[in-house]
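Novice: Sequence and predicted model, in that order:
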Amino acid sequence: MYKHRLLKFLCYLLLLGTVSCVWDQINPEFNCSISPIQTELLERIDAECGKAIGRFSIAVSGGEPPYTFSSEAGTNADGVFENVGSGSYTVLIVDTNGCSDEITVEVLNSDGVNLDNISTTDAGCQTSQGTIEIDVSGGVEPYIFSLNGGNTQQNNSFSGLAGGTHQISVVDQEGCEITTSIKLNSGVGFSAVESIIKSRCTSCHGKTASPSFGSFDEIKTSASRIKARTGAGTMPPSGSIPQSEIDAIACWVNDGALSD
């Protein structure tokens, strides 16, 4: 009789979503805002056209060492990247707790074409409305532009782009080339996501819960899990939320879980 009553009670809790709330409470993620990683460019030596003689190094404070440094130039534990060509390098720094930070380093051509300015517009969430425009100088005109290894063109702008990272290459008439990686965001701000969280998730993640979703830092700490669980239809436990809200959360997380 006791086992039967216990089983009925557990089923009742599951219907209320209480079991899911307890699951979150006993599996908190590390709060990276306690000691955020601080990153700065310590040194940069430019390359030459066709010669990978560039170098740059990254200095890090905060977080908890050891750190791992990863970029298009490789992965290491000291933040020093040598024998690199001209172009854009996005360095991802991750500490022992899984907290991370990014910095973008531009290694120039000391004797050729270089990027002067890059203008972008957001792509929108689940749409392809992004644009990129590149201004360059140096080398020998006319310049040839290409996007993501595709067809070449002399026009310095691209449109109809989805969110994510795009690679732009510019080549002058002497074959001197420079590349850069450009990330287009969706434009979904934290205020939109905060509104969804407050209306859908406070029953399990109020101020006294663990994890709590009462502030930007708390929500950002759990951003990846919020995206995964709302996408899987397991959050909130009372039922799935509209697809438009699921998409908005995913787009915000994919943008880097930025504040407004």
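Specialist: Everything's here; your move.
Novice: could you pull out the strands for the protein?
Specialist: For the chain, applying DSSP state E gives strands covering 38-45, 54-61, 68-71, 74-76, 80-84, 87-94, 100-107, 114-121, 130-137, 144-147, 152-153, 157-161, 164-171, 177-184.
Novice: what about the chain, any weak spots by pLDDT?
Specialist: 1-29 (pLDDT under 70).
Novice: Can you lay out the strands of the chain as a markdown table showing mean neighbour count and distance to residue 213?
Specialist: C-beta: built from backbone N, CA, C; applies to glycine. What follows is the strands of the chain, written out as a markdown table (neighbours: other C-beta atoms under 10 Å; distance: least, C-beta to C-beta, whole Å):
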| stretch | mean neighbour count | distance to residue 213 |
| --- | --- | --- |
| strand 38-45 | 14 | 25 |
| strand 54-61 | 18 | 28 |
| strand 68-71 | 18 | 29 |
| strand 74-76 | 13 | 33 |
| strand 80-84 | 17 | 38 |
| strand 87-94 | 19 | 24 |
| strand 100-107 | 18 | 21 |
| strand 114-121 | 14 | 31 |
| strand 130-137 | 17 | 30 |
| strand 144-147 | 17 | 38 |
| strand 152-153 | 12 | 46 |
| strand 157-161 | 15 | 32 |
| strand 164-171 | 17 | 27 |
| strand 177-184 | 20 | 26 |
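Novice: May I see these organised as CSV, with distance to residue 215 added?
Specialist: Shown next, in CSV, are the strands of the chain (distance: least, C-beta to C-beta, whole Å):
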stretch, distance to residue 215
strand 38-45, 20
strand 54-61, 23
strand 68-71, 28
strand 74-76, 33
strand 80-84, 36
strand 87-94, 23
strand 100-107, 20
strand 114-121, 29
strand 130-137, 30
strand 144-147, 39
strand 152-153, 46
strand 157-161, 33
strand 164-171, 28
strand 177-184, 26
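Novice: For residue 204, find the nearest of the ones you listed.
Specialist: Evaluated with C-beta to C-beta, those place strand 100-107 nearest to residue 204, the distance being 26.2 Å.
Novice: distance between the closest one and the chain's centre?
Specialist: 12 Å (C-alpha atoms, centre = their mean, to the nearest Å).
Novice: Render the CA-only coordinates of it in PDB, please.
Specialist: Taking Å, rounded to 0.1, in the frame of the first residue of the first chain, the C-alpha atoms of strand 100-107 are listed here in PDB:
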ATOM      1  CA  SER A 100      35.200  31.700 -21.700                       C
ATOM      2  CA  ASP A 101      36.000  34.900 -23.400                       C
ATOM      3  CA  GLU A 102      36.900  35.900 -27.000                       C
ATOM      4  CA  ILE A 103      39.100  38.400 -28.600                       C
ATOM      5  CA  THR A 104      39.700  39.200 -32.300                       C
ATOM      6  CA  VAL A 105      43.100  40.000 -33.600                       C
ATOM      7  CA  GLU A 106      43.800  41.600 -37.000                       C
ATOM      8  CA  VAL A 107      47.200  40.800 -38.400                       C
END
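Novice: What lies in contact with it?
Specialist: 32, 36-41, 44, 46-47, 54, 56, 58, 60, 63, 71, 84-94, 115, 180-181, 256 (C-beta atoms under 8 Å, 6 or more residues apart in numbering).
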